[in-house]
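*Asks:* Provide a 3D model corresponding to the input given below.
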Amino acid sequence: MLHLQCHFGSDSLSLVNLGATVVGIDFSEPAIDEARRTAAELGVADRARFIQANVYDARHLLPEPESFDLVFTTWGTIGWLPDVAEWARIVAWFLKPGGHLYFADGHPTAWIFDDQGAAGGEASLPSVKYPYAASEPDVLDDPSDYADTETVLEHARTWEWTHPLSETMRAIRDAGLVIEEFEEHFRLPWRIFPAAVPLGEGMFGWPDAKWIPLAVELVAVHPEH
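*Replies:* The predicted structure is shown next:
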(Lines give C-alpha, C1' and ligand atoms only; values in the text may rest on other atoms or scores of the structure.)
Protein backbone atom coordinates (compact mmCIF):
# COMPACT_ATOMS: atom_id res chain seq x y z
CA MET A 1 0.00 0.00 0.00
CA LEU A 2 1.19 3.53 -0.81
CA HIS A 3 -0.07 6.20 1.59
CA LEU A 4 0.31 9.64 0.01
CA GLN A 5 0.52 12.60 2.42
CA CYS A 6 0.62 10.21 5.36
CA HIS A 7 1.34 12.89 8.01
CA PHE A 8 2.74 11.16 11.12
CA GLY A 9 1.60 7.76 9.97
CA SER A 10 -1.24 6.86 12.33
CA ASP A 11 -3.51 5.66 9.50
CA SER A 12 -0.56 3.95 7.81
CA LEU A 13 0.22 1.99 10.96
CA SER A 14 -3.44 1.13 11.52
CA LEU A 15 -3.43 -0.50 8.09
CA VAL A 16 -0.17 -2.29 8.92
CA ASN A 17 -1.95 -3.72 11.95
CA LEU A 18 -4.59 -5.06 9.55
CA GLY A 19 -1.93 -6.88 7.56
CA ALA A 20 -0.73 -4.37 4.95
CA THR A 21 2.84 -3.52 4.03
CA VAL A 22 2.94 0.28 3.71
CA VAL A 23 5.09 2.99 2.19
CA GLY A 24 4.11 6.43 3.52
CA ILE A 25 5.14 9.75 1.97
CA ASP A 26 4.85 13.21 3.50
CA PHE A 27 6.78 16.45 2.99
CA SER A 28 7.07 17.21 6.74
CA GLU A 29 10.32 16.05 8.32
CA PRO A 30 8.95 16.11 11.92
CA ALA A 31 5.89 14.10 10.83
CA ILE A 32 8.03 11.46 9.09
CA ASP A 33 10.38 11.28 12.09
CA GLU A 34 7.37 10.60 14.32
CA ALA A 35 6.00 7.97 11.93
CA ARG A 36 9.34 6.14 11.91
CA ARG A 37 9.63 6.36 15.70
CA THR A 38 6.14 4.95 16.20
CA ALA A 39 6.70 2.14 13.70
CA ALA A 40 9.88 1.15 15.54
CA GLU A 41 8.12 1.35 18.91
CA LEU A 42 5.36 -0.94 17.64
CA GLY A 43 7.88 -3.36 16.15
CA VAL A 44 6.54 -3.04 12.59
CA ALA A 45 9.34 -1.05 10.93
CA ASP A 46 9.90 -3.98 8.54
CA ARG A 47 6.39 -3.43 7.12
CA ALA A 48 6.14 0.37 7.37
CA ARG A 49 8.59 2.50 5.40
CA PHE A 50 8.27 6.29 5.61
CA ILE A 51 9.81 8.75 3.14
CA GLN A 52 10.07 12.53 3.48
CA ALA A 53 9.17 14.01 0.10
CA ASN A 54 6.87 16.27 -1.84
CA VAL A 55 4.12 14.08 -3.28
CA TYR A 56 4.96 15.36 -6.77
CA ASP A 57 8.46 13.82 -6.45
CA ALA A 58 7.17 10.35 -5.59
CA ARG A 59 7.91 8.80 -8.99
CA HIS A 60 11.59 9.78 -8.69
CA LEU A 61 11.92 8.25 -5.23
CA LEU A 62 9.96 5.05 -5.92
CA PRO A 63 10.75 4.41 -9.57
CA GLU A 64 8.78 1.18 -9.92
CA PRO A 65 5.49 1.72 -11.81
CA GLU A 66 2.48 -0.50 -11.14
CA SER A 67 3.98 -1.60 -7.83
CA PHE A 68 1.11 -1.11 -5.37
CA ASP A 69 -2.22 -2.85 -4.82
CA LEU A 70 -3.67 0.20 -3.08
CA VAL A 71 -3.01 3.94 -3.00
CA PHE A 72 -4.57 5.46 0.11
CA THR A 73 -5.09 9.17 0.81
CA THR A 74 -7.45 10.73 3.33
CA TRP A 75 -8.36 13.89 5.24
CA GLY A 76 -6.60 17.12 4.42
CA THR A 77 -4.65 16.12 1.33
CA ILE A 78 -5.39 17.58 -2.11
CA GLY A 79 -6.34 20.95 -0.61
CA TRP A 80 -2.59 21.50 -0.17
CA LEU A 81 -1.85 20.62 -3.81
CA PRO A 82 -2.07 23.09 -6.72
CA ASP A 83 -2.29 20.43 -9.46
CA VAL A 84 -4.84 17.68 -8.81
CA ALA A 85 -4.46 16.31 -12.36
CA GLU A 86 -0.79 15.52 -11.72
CA TRP A 87 -1.73 13.97 -8.37
CA ALA A 88 -4.14 11.63 -10.16
CA ARG A 89 -1.49 10.70 -12.75
CA ILE A 90 0.91 9.81 -9.93
CA VAL A 91 -1.75 7.62 -8.31
CA ALA A 92 -2.39 5.81 -11.61
CA TRP A 93 1.34 5.37 -12.28
CA PHE A 94 1.84 3.49 -9.02
CA LEU A 95 -1.20 1.22 -9.16
CA LYS A 96 -0.99 -2.35 -10.39
CA PRO A 97 -3.63 -3.37 -12.94
CA GLY A 98 -6.65 -4.15 -10.83
CA GLY A 99 -5.28 -2.01 -7.98
CA HIS A 100 -7.41 0.57 -6.22
CA LEU A 101 -7.32 4.18 -5.08
CA TYR A 102 -9.12 4.92 -1.82
CA PHE A 103 -9.74 8.65 -1.31
CA ALA A 104 -11.67 10.46 1.40
CA ASP A 105 -11.51 14.15 2.25
CA GLY A 106 -13.50 17.18 3.20
CA HIS A 107 -16.21 17.99 0.67
CA PRO A 108 -15.16 20.99 -1.47
CA THR A 109 -18.56 22.60 -0.87
CA ALA A 110 -17.74 22.86 2.82
CA TRP A 111 -14.57 24.82 2.12
CA ILE A 112 -16.52 27.87 0.89
CA PHE A 113 -17.49 28.70 4.49
CA ASP A 114 -15.66 30.62 7.20
CA ASP A 115 -14.54 27.96 9.68
CA GLN A 116 -14.69 30.48 12.53
CA GLY A 117 -18.49 30.66 12.38
CA ALA A 118 -20.85 33.61 12.07
CA ALA A 119 -21.15 36.57 14.41
CA GLY A 120 -23.96 34.89 16.31
CA GLY A 121 -21.57 32.68 18.27
CA GLU A 122 -20.59 29.04 18.42
CA ALA A 123 -24.02 27.65 17.55
CA SER A 124 -24.43 29.88 14.47
CA LEU A 125 -24.13 28.37 11.04
CA PRO A 126 -20.96 29.40 9.16
CA SER A 127 -21.10 32.17 6.59
CA VAL A 128 -19.89 31.99 2.99
CA LYS A 129 -16.37 33.39 2.65
CA TYR A 130 -14.45 31.64 -0.16
CA PRO A 131 -15.27 30.88 -3.82
CA TYR A 132 -16.04 27.29 -4.76
CA ALA A 133 -13.66 27.48 -7.72
CA ALA A 134 -10.66 29.81 -7.94
CA SER A 135 -7.56 29.94 -10.12
CA GLU A 136 -5.39 31.17 -7.24
CA PRO A 137 -4.87 29.67 -3.78
CA ASP A 138 -6.28 31.15 -0.62
CA VAL A 139 -3.34 32.47 1.42
CA LEU A 140 -4.30 32.30 5.08
CA ASP A 141 -2.64 33.47 8.29
CA ASP A 142 -4.15 31.33 11.02
CA PRO A 143 -2.11 30.35 14.10
CA SER A 144 -4.81 27.99 15.45
CA ASP A 145 -4.52 24.20 15.42
CA TYR A 146 -7.43 21.86 14.66
CA ALA A 147 -6.21 19.24 17.12
CA ASP A 148 -5.41 21.47 20.11
CA THR A 149 -7.32 24.70 20.72
CA GLU A 150 -4.63 25.92 23.15
CA THR A 151 -1.81 25.66 20.60
CA VAL A 152 -0.52 28.76 18.79
CA LEU A 153 1.43 27.92 15.63
CA GLU A 154 4.68 29.75 14.96
CA HIS A 155 4.49 29.27 11.18
CA ALA A 156 0.87 30.24 10.59
CA ARG A 157 0.71 31.08 6.86
CA THR A 158 -0.75 28.43 4.52
CA TRP A 159 -1.57 28.20 0.82
CA GLU A 160 -4.74 26.21 0.20
CA TRP A 161 -6.45 25.20 -3.05
CA THR A 162 -10.13 24.37 -3.40
CA HIS A 163 -10.65 21.75 -6.10
CA PRO A 164 -14.27 21.46 -7.26
CA LEU A 165 -15.59 17.93 -7.15
CA SER A 166 -15.87 17.81 -10.94
CA GLU A 167 -12.17 18.73 -11.26
CA THR A 168 -11.06 15.91 -8.95
CA MET A 169 -13.28 13.30 -10.58
CA ARG A 170 -12.25 14.39 -14.07
CA ALA A 171 -8.57 14.20 -13.07
CA ILE A 172 -9.05 10.64 -11.82
CA ARG A 173 -10.87 9.65 -15.03
CA ASP A 174 -8.32 11.34 -17.30
CA ALA A 175 -5.52 9.47 -15.50
CA GLY A 176 -7.10 6.24 -16.71
CA LEU A 177 -8.80 5.15 -13.50
CA VAL A 178 -12.42 4.03 -13.26
CA ILE A 179 -14.49 5.24 -10.32
CA GLU A 180 -16.28 2.27 -8.77
CA GLU A 181 -17.80 3.83 -5.65
CA PHE A 182 -18.71 7.39 -4.70
CA GLU A 183 -20.38 8.70 -1.55
CA GLU A 184 -21.03 12.07 0.10
CA HIS A 185 -21.19 12.19 3.90
CA PHE A 186 -22.51 14.62 6.49
CA ARG A 187 -19.84 13.97 9.11
CA LEU A 188 -16.08 14.36 9.49
CA PRO A 189 -13.40 13.21 11.96
CA TRP A 190 -12.73 16.76 13.15
CA ARG A 191 -14.80 19.76 14.19
CA ILE A 192 -14.79 21.66 10.92
CA PHE A 193 -17.02 24.52 12.19
CA PRO A 194 -17.87 25.82 15.68
CA ALA A 195 -21.49 24.86 14.92
CA ALA A 196 -20.54 21.21 14.36
CA VAL A 197 -21.45 18.80 17.16
CA PRO A 198 -20.01 15.43 18.26
CA LEU A 199 -21.77 12.47 16.66
CA GLY A 200 -19.85 9.74 18.45
CA GLU A 201 -16.88 7.61 17.36
CA GLY A 202 -14.78 10.75 16.95
CA MET A 203 -17.02 12.21 14.25
CA PHE A 204 -18.62 15.67 13.97
CA GLY A 205 -21.55 16.97 11.93
CA TRP A 206 -24.41 19.42 11.73
CA PRO A 207 -26.54 19.94 14.86
CA ASP A 208 -29.93 19.62 13.14
CA ALA A 209 -30.64 19.15 9.44
CA LYS A 210 -28.09 17.79 6.99
CA TRP A 211 -27.34 21.18 5.47
CA ILE A 212 -24.59 20.31 2.99
CA PRO A 213 -22.26 17.31 2.70
CA LEU A 214 -19.06 17.65 4.69
CA ALA A 215 -17.03 14.77 3.26
CA VAL A 216 -16.52 12.89 0.03
CA GLU A 217 -15.35 9.29 -0.36
CA LEU A 218 -14.51 7.36 -3.51
CA VAL A 219 -12.87 4.18 -4.71
CA ALA A 220 -11.32 3.95 -8.18
CA VAL A 221 -9.65 1.03 -9.94
CA HIS A 222 -6.76 0.80 -12.40
CA PRO A 223 -8.30 -1.33 -15.18
CA GLU A 224 -6.68 -4.62 -16.10
CA HIS A 225 -4.55 -4.40 -19.25
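
*Asks:* Quick one: low-confidence residue ranges for the chain.
*Replies:* Along the chain, segments meeting pLDDT under 70 span 115-124, 146, 225.

*Asks:* cutoff 50 now
*Replies:* Within the chain, the segments meeting pLDDT under 50 span 118-121.

*Asks:* Identify the single longest helix in it, thanks.
*Replies:* helix 29-42 (DSSP state H).

*Asks:* Residues touching that one, excluding its own?
*Replies:* Residues outside helix 29-42 that contact it (Cβ atoms under 8 Å, 6 or more residues apart in numbering): 6-10, 12-13, 16, 24, 26, 45, 48, 50-52. Backbone N, C-alpha and C define where each C-beta goes, glycine included.

*Asks:* what's the answer for stretch 197-207, then?
*Replies:* Contacts of stretch 197-207 (Cβ under 8 Å, 6+ apart): Ala123, Phe186, Arg187, Leu188, Pro189, Trp190, Arg191, Ile192, Ala195, Ala196, Leu214.

*Asks:* and those residues, which of them are in strands?
*Replies:* Within the contacts of stretch 197-207, residues falling in strands by DSSP state E are Arg187, Leu188.

*Asks:* and the biggest strand by length in the chain, which strands flank it?
*Replies:* Longest strand in the chain by number of residues, with DSSP E as the criterion: strand 95-106. When pairing is defined by DSSP bridges, strand 95-106 lines up against strand 68-74 (parallel), strand 215-221 (antiparallel).

*Asks:* which strands and helices sit next to the helix or strand following it?
*Replies:* Once the chain leaves strand 95-106, the next helix or strand it forms, by DSSP states H and E, is strand 138-141. Secondary-structure packing of strand 138-141 (3 or more Cβ pairs under 8 Å, 6 or more residues apart in numbering; DSSP states H and E): strand 157-160.

*Asks:* Name every strand pairing with the strand it packs on and say which way it goes.
*Replies:* Partners of strand 157-160 in the sheet, by DSSP bridges, are strand 138-141 (antiparallel).

*Asks:* check contacts around the nearest residue to Leu81 once chain neighbours are set aside.
*Replies:* In space, Leu81 comes closest to Trp87 once its chain neighbours are excluded; the distance is 5.5 Å by Cβ to Cβ, 6 or more residues apart in numbering. If you count contacts by Cβ under 8 Å, 6+ apart, Trp87 has them with Leu4, Val55, Tyr56, Ile78, Leu81, Ala171.

*Asks:* Go through the residues you listed and flag which are in helices.
*Replies:* Ala171.

*Asks:* Among the contacts of Trp87, which are located in strands?
*Replies:* Judged by DSSP E, strands contain the following of the contacts of Trp87: Leu4.

*Asks:* Bridged to Val71, which residues?
*Replies:* Here Val71, judged by DSSP bridges, has bridge partners Leu2, Leu101.
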